[in-house]
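# With the sequence up front, the predicted model follows.
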Amino acid sequence: MIYDFYYIFFKDFINYNKLFNFSAEEIFIILKVIIHNFRLTMNLSKKKKRNIIKIIKNRIKKKYIIEQLYGNKCHICGEFDTKIHLRTFDFSHFNSKKKKIDASSLFDTKSCSEIVKTLKDEVGAYICSNCHSVFDMEYLELINEIYDDKELIEKIKTDYHKIKMKFTAISDKMINNVKDPLKKTINITGNYKNYLFAIYYLSNQGIDITKKSIANYLGVDYDAVKSFFLRHRNFLEKYINFPYGNPTIYSLKIKGLKLISEIEYFINFYQTFQLEECINCNFNVRKKCIANSSNQCSHPIIKN
Ligand SMILES: [Zn+2]
C-alpha cells in the first residue's frame, strides 16, 4: 500500500460527507483550524502549515475529480474506492508513450476544472494502481520470451485486454460535471475564526456584540476591529447581521452558528485524535509533536 502521511491523518476531513456544503472559503477556514489544533501540526512553522493545507486541498481535489468523472470506485475492477483507497488511484495514459505531463504536477496551481481539461488532452483515465500496473506493462510484447508457462501468459494477456476494453478516457462530456468547489472567490486573510468565535462567545454570555466588546474579547485595539469589519464586510455579512445603530450591535446568523458548530466539531475531533506509537520507533508521541521533530515517526498507527 502506498504510504500517505497526509491522507492518513486528514482522511476524516477529506471524506467528510458534508464537505462540499461548505464554500471554498469555509473549507479553508476549517483546514486552518484543524492544522492549528492537531498535535502533529500545531507547532509547525507558518510555511509548513501552509504547505500541509495545500497538500490536503490537493487530496480533496483528486477525490472530487475522480468521483465526478468515474464515481467512487475504480471503473475497471470496481474493487478500490476513493474513500478508503484514494492514494492508490493514478492517472493512467491510454498510450504511455504519448505522455506529456504528470497529472500530479497540476494540482498545486490549477483548479479542478482546469486539471480535467488538461487531463482530457492527455488521453487517459483515473484507475487503481492494480489495474494501472497491468495496463502499463511495458514488457507485454516480450511476454512469450519472459515466461514459459502458457497458462500464465494467457492470463496476463486476458487481464490486459479486459482492462483495455473497460478503460474510459476522460471525455468532453465527462468534464462537464467537474466544477471548482475549492476555488475561493474572495481572498481570505485575517483571522475569521477568532472573530466568529468572539461573537459566538459574547452572544452566549448575553453581552452586546459591538466592535468594542469584540476588541475587548480578542485583546486588540478598537481600530483593528473596525478595520477588519470594513475590509471583510462582504464575507462577514454571510454570517453576521449588520443592523443600523450607534453603536452597531451585531448578531450571528443561522449560517454563522452552523459554521461555528462545524468548526467546533473539527477542533474537538483533532484535539482528541488518538495515535499510537509506531511499532518501529520509540518516540513518545504523548509528549512531543512528532511531525516537528527530526526523528519523527514515519509509520504512525491510528487507534480508531
Ligand atoms: Zn482497478
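Sure, I can see it. Numbering: from 1, shown residues only.
# what pLDDT does the spatially closest residue to residue 100 that is not a sequence neighbour get?
Excluding the flanking residues, the one nearest residue 100 by C-beta to C-beta, 6 or more residues apart in numbering is residue 122, at 6.3 Å. From N, CA and C alone the C-beta is placed, and that goes for glycine too. Looking at residue 122, its pLDDT is 96.
# Next up, the contacts around residue 122.
Counting by C-beta atoms under 8 Å, 6 or more residues apart in numbering, residue 122 touches 91, 93, 98, 99, 100, 101, 103.
# Around the fourth one, how many other residues sit close by?
Residues lying near residue 99 (other C-beta atoms under 10 Å) number 15.
# who's in contact with the nearest residue to residue 137 once chain neighbours are set aside?
Nearest residue to residue 137, sequence neighbours excluded (C-beta to C-beta, 6+ apart): residue 160, at 6.5 Å. Contact partners of residue 160, counting by C-beta under 8 Å, 6+ apart, are 134, 135, 137, 140.
# In helices, which of those fall?
When the contacts of residue 160 are checked against helices (DSSP state H), the matches are 134, 135.
# Can you show me the helices along the stretch 201-304 of the chain?
Counting by DSSP state H, counting those that start in this stretch, the segments of the stretch 201-304 of the chain that form helices are 211-218, 222-231, 233-236, 254-271.
# For residue 200, which of the ones you listed is the nearest?
helix 254-271 (5.0 Å; C-beta to C-beta).
# what packs against the closest one?
The helices and strands touching helix 254-271, judged by 3 or more C-beta pairs under 8 Å, 6 or more residues apart in numbering; DSSP states H and E, are helix 24-37, helix 192-204.
# Which strand residues bridge the spatially closest residue to residue 99 that is not a sequence neighbour?
Once flanking residues are discounted, residue 99 sits nearest to residue 93: 4.6 Å by C-beta to C-beta, 6+ apart. Beta bridges link residue 93 to residue 124 when assigned by DSSP bridges.
# what does the model give residue 93 for pLDDT?
For residue 93, the pLDDT comes out at 94.
# can you pull the contacts of it?
Applying C-beta under 8 Å, 6+ apart, we find residue 93 in contact with 99, 122, 123, 124.
# and the gap between the second one and the ion?
Pointing back at residue 122 there. 19 Å (C-beta to the ion, to the nearest Å).
# which stretches of this structure form strands?
Taking DSSP state E, the strands of the chain run over residues 89-93, 124-128, 240-241, 251-252, 275-276, 301-302.
# Please identify the pairing partners of the fourth one and their relative orientation?
Strand partners for strand 251-252, identified by DSSP bridges, are recorded as strand 240-241 (antiparallel).
# List the buried residues of stretch 20-35.
Under the neighbour-count criterion of 16 or more other C-beta atoms under 10 Å, stretch 20-35 has 22-35 buried.
# Contacts for that stretch next, please.
Defining contact as C-beta under 8 Å, 6+ apart, one finds that stretch 20-35 is touched by 10, 13, 19, 41-42, 44, 49, 52-53, 56-57, 60, 64, 180-186, 188, 192-193, 235, 259, 262-263, 266-267, 270.
# Now whatever residue of the stretch 151-300 of the chain ends up closest to the ion: closest residue in space, sequence neighbours ignored.
The ion sits closest to residue 163 of the stretch 151-300 of the chain, with a gap of 7.9 Å, by C-beta to the ion. Computed as C-beta to C-beta, 6+ apart, the closest residue to residue 163 that is not its neighbour in sequence is residue 135, at 4.7 Å.
# No further queries at this time; thank you.
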